[in-house]
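sequence unknown, structure follows:
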């Protein structure tokens, strides 16, 4: 045991006392947070130039109302409610040529769009005001260079339909104002479940923040993902170094392969716990700063630690086996692709799981060993209603899978670490695992 | 006599390759034992089995009285053929790590003494990656010897060292030996083996072909060698009566003669041809014995590459 601790101690310091580790530790959240920040800023950065839209209104009745709607929008909806700064472009509607539209006119207007003189033009057919018995109305045509993600088209569609509806109501002798009043929107708000307060009384939970109920569990899962990657991946490098520089031979002259592997895994787990403490305290500090500490599911913490240790052991042993088989990083990359797929697999299903954390899909997915740690923690953070037996069974499943993995990786490690030459084939790896 | 190492009918196979074949070997405690043999003959495999890095397919390996497990390893120091040191570790930390793995708890003083002795004291706080190859090799040797092992296993310890460092290393080996440590080392340097070893063991194709003191080994081959230097250095001596093989050593020639050959007749014939400056009837050198066993002459005809 003493030798295992000596190796674990060296492994731990070799991991955490490197510049690369410290830089990654600091940079990972900055890059991830920074990425989201930049994306948000880019989305906010819009062209504020006035957008001119030519309206070919064959009804002769709608342009005035549409122009009024545009003016109303220009007065109210284009400014930031807090800062008062303009955040959206103004729209100005222009009347197009009268009479039936010819392709020549369409070509001319298209040329004006291409020259940047106008942003778009829209054709409103004459029969747009008629009420179709079958319910299928006529269509207006919108022409612009790109209509995907077009705010103008969306606004125009809404304004046109509002104007058309008012005309139709008036034709049917119904007061549009009364209809507007009758159509007042009723909101449905998310609420947490009732719970028993400390005094034993039923207590209503506060209003839930929809983004946080999804983002918080996701954040906790991503934290574990980062910890596993940061802690387990250096295993490849150190084992590769021990193999290529023949350090393994000196070590194996003093300790058995199992002691060597156990020490390395223990160092790896200690390293991962260091990362958890750093990130965990950081996350709690942020939560306290933004006054959302009450939303952090602290009951998940013990489960998080158990699952994280098991996940680090599982992937750490796999990474060690990979490191023991390869001669350089290039070879490591080709062997790592399937391993990385296993690690990122929960990322493909997390949204379905977090939406229905107590559902059967979420439950079965969280019993699949490579994903158990991440998905079970995600579910526990998403819902307090997961029956206790499920994370307990998850721990047993992961414990069995980790044991199997450490055993198999140990056999590969023992043979491969001293071998030289070509990358072993899958068949050979399996033979090592089976025969030892 | 107690034996530091006992190998009994030890066999090790790698796939189709028989690396060590029913090897028996007894290494008495307190000796310096030289392992010689061509590349790929099974030296390193044998050493690795002694260290329990590899396990034999059959046979028994007893090291310092232990015939299973790695219990003896704390008392065995090992310098592998290919040097293995963590590049990013500082020299003193690295030596402490290896010493602790051998069970030493307080080793600061020993480490400093050894660093001083090998003229490495000012490198103690430097990272291994800043050391030259020779310095790294000395650090590796200290790592093998710092825990005061009872058995020191050195796989080609002199490779890559300059003559000064060779002397330092040889001196360290001698002093360890005088302190009661059994030293085993493999080498391709036959002069070094002759000068340093009490006993020499040669392995060829996985089998023991020589085992004994230098004198005993030479006695097996008899006085079948003549070292001769003549005024006419270019003259061919291969046609002399009874001469089997001529080995040109630049300053002199080594003639191997047949069992029935008469050295006096050879000397007479030489005197008839040229002026003889030196004529010595000798036992074969270890180098010569090695070549006789493992050289092209000894191999079956189909294995000898055509010139």
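Okay, I see it. Keep in mind that this is a model prediction, so the values were computed, not measured. Numbers count the residues shown, from 1 in each chain, chains lettered A, B, ... in the order given.

and residue 120, how many neighbours?
Using chain A here. 22 (other Cβ atoms under 10 Å in any protein chain shown). Every residue, glycine included, has its C-beta placed from N, CA and C.

nope, chain B please
19.

wait, it sits on residue B:134?
No. Using Cβ atoms under 8 Å, residue B:120 is not in contact with residue B:134; the gap is 10.4 Å.

domain assignment for chain A?
Segmentation of chain A into domains, based on automatic domain parsing, reads A:49-181, A:209-435.

Also chain B?
Split by automatic domain parsing, chain B gives B:3-218, B:223-282.

and the stretch 101-250 of chain B, which residues reach chain A?
In this structure, the stretch 101-250 of chain B approaches chain A at residues B:101-102, B:140, B:143, B:153, judged by Cβ under 8 Å from any Cβ of the partner chain.

Which pLDDT value goes with residue A:176?
Residue A:176 carries a pLDDT value of 85.

what sits against it?
A:165-166, A:169-170 (Cβ atoms under 8 Å, 6 or more residues apart in numbering or on different chains).

who in the stretch 151-300 of chain A is up against chain B?
Close to chain B, as judged by Cβ under 8 Å from any Cβ, the stretch 151-300 of chain A has residues A:241-242, A:245-256.

Show me which of the residues you listed are buried.
A:241-242, A:245-256 (16 or more other Cβ atoms under 10 Å in any protein chain shown).

Okay, now the sheet partners of the one helix or strand residue A:122 maps to, with direction.
Take DSSP states H and E as the rule and residue A:122 turns out to sit in strand A:120-124. Partners of strand A:120-124 in the sheet, by DSSP bridges, are strand A:51-57 (parallel), strand A:141-144 (antiparallel).

want to throw those strands into CSV with mean pLDDT?
Listed next are the strands paired with strand A:120-124 as CSV, based on pLDDT from 0 to 100:
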stretch, mean pLDDT
strand A:51-57, 91
strand A:141-144, 90
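
Could you list the low-pLDDT ranges of chain B?
Residues of chain B meeting the criterion pLDDT under 70: B:1, B:69-71, B:297-307.

could you measure the residue of it positioned farthest from its centre against residue B:235, distance?
Taking Cα atoms, centre = their mean, the residue of chain B most remote from its mean C-alpha position is residue B:272, at 42.1 Å. According to Cβ to Cβ, to the nearest Å, residue B:272 stands 12 Å off from residue B:235.

How about residue A:295?
101 Å.

Who has more neighbours out of these two?
residue A:295 (15 against 11).

what about the more buried one, distance to residue A:219?
Taking Cβ to Cβ, one finds residue A:295 at 11 Å from residue A:219.

returning to that earlier point: among the residues of the stretch 101-250 of chain B next to chain A, which ones are in helices?
B:101, B:140, B:143 (DSSP state H).

Reduced to three states, what does the closest residue to the first one other than its chain neighbours come out as?
Beyond its immediate neighbours in the sequence, the residue positioned closest to residue B:101 (Cβ to Cβ, 6 or more residues apart in numbering or on different chains) is residue A:254, lying 4.1 Å away. Following DSSP: H, G, I helix; E, B strand; the rest coil, the label given to residue A:254 is coil.

what's near enough to touch residue A:254?
The contact partners of residue A:254, by Cβ under 8 Å, 6+ apart, come to A:3, B:73-74, B:78, B:98, B:101-102.

one more time with 10 Å
A:3, A:6-7, A:260, B:51, B:53, B:70, B:73-74, B:76-78, B:97-103, B:143, B:147 (Cβ atoms under 10 Å, 6 or more residues apart in numbering or on different chains).

per-residue confidence at it?
83.

how far away is it from residue B:139?
16 Å.

now swap in residue B:177 and tell me
21 Å.

tell me the mean pLDDT over stretch A:257-265?
86.

now do stretch A:311-328
Stretch A:311-328 comes out at a mean pLDDT of 85.

Stretch A:364-383 now?
Rounded mean pLDDT across stretch A:364-383 is 87.

For that stretch, which residues meet the burial criterion?
For stretch A:364-383, using 16+ other Cβ under 10 Å, the buried residues are A:365-366, A:369-383.

Check stretch B:162-176 too.
Buried, per 16+ other Cβ under 10 Å, within stretch B:162-176: B:165-166, B:168-170, B:172-173, B:176.

which element follows the lengthiest helix in chain A toward the C-terminus?
The longest helix of chain A (DSSP H) is helix A:257-289. Using DSSP H and E, the next helix or strand after helix A:257-289 towards the C-terminus is helix A:300-325.

For that following helix, enumerate the helices and strands it packs against.
Counting contacts by 3 or more Cβ pairs under 10 Å, 6 or more residues apart in numbering or on different chains; DSSP states H and E, helix A:300-325 is packed against helix A:210-232, helix A:234-244, helix A:257-289, helix A:329-355, helix A:369-382, helix A:389-416, helix A:426-435.

if we go to 7 Å?
helix A:210-232, helix A:234-244, helix A:257-289, helix A:329-355, helix A:369-382, helix A:389-416 (3 or more Cβ pairs under 7 Å, 6 or more residues apart in numbering or on different chains; DSSP states H and E).

Chain neighbours aside, what residue packs nearest to residue A:249?
Nearest to residue A:249 is residue B:80, by Cβ to Cβ, 6+ apart, at 4.5 Å.

From what I see, that neighbour and residue A:250 are in contact.
Yes. If you go by Cβ atoms under 7 Å, residue B:80 and residue A:250 touch, sitting 5.9 Å apart.

which residues touch the spatially most central residue of chain A?
Nearest to the mean C-alpha position of chain A, by Cα atoms, centre = their mean, lies residue A:218 at 7.3 Å. Residue A:218 makes contacts with A:350, A:354, as judged by Cβ atoms under 7 Å, 6 or more residues apart in numbering or on different chains.

And the pLDDT for it?
Confidence score, pLDDT, at residue A:218: 87.

cool, the one 5 residues further on as well?
With respect to pLDDT, residue A:223 scores 86.

Please apply the same query to residue A:71.
Residue-level pLDDT assigned to residue A:71 equals 91.

Can you give me the separation between it and chain B?
Distance, residue A:71 to chain B, by Cβ to the nearest Cβ, to the nearest Å: 69 Å.

So, low pLDDT: which residues of chain A?
For chain A, the stretches flagged by pLDDT under 70 are A:43-45, A:132-137, A:149, A:190, A:192, A:205-211, A:419-423, A:435-436.
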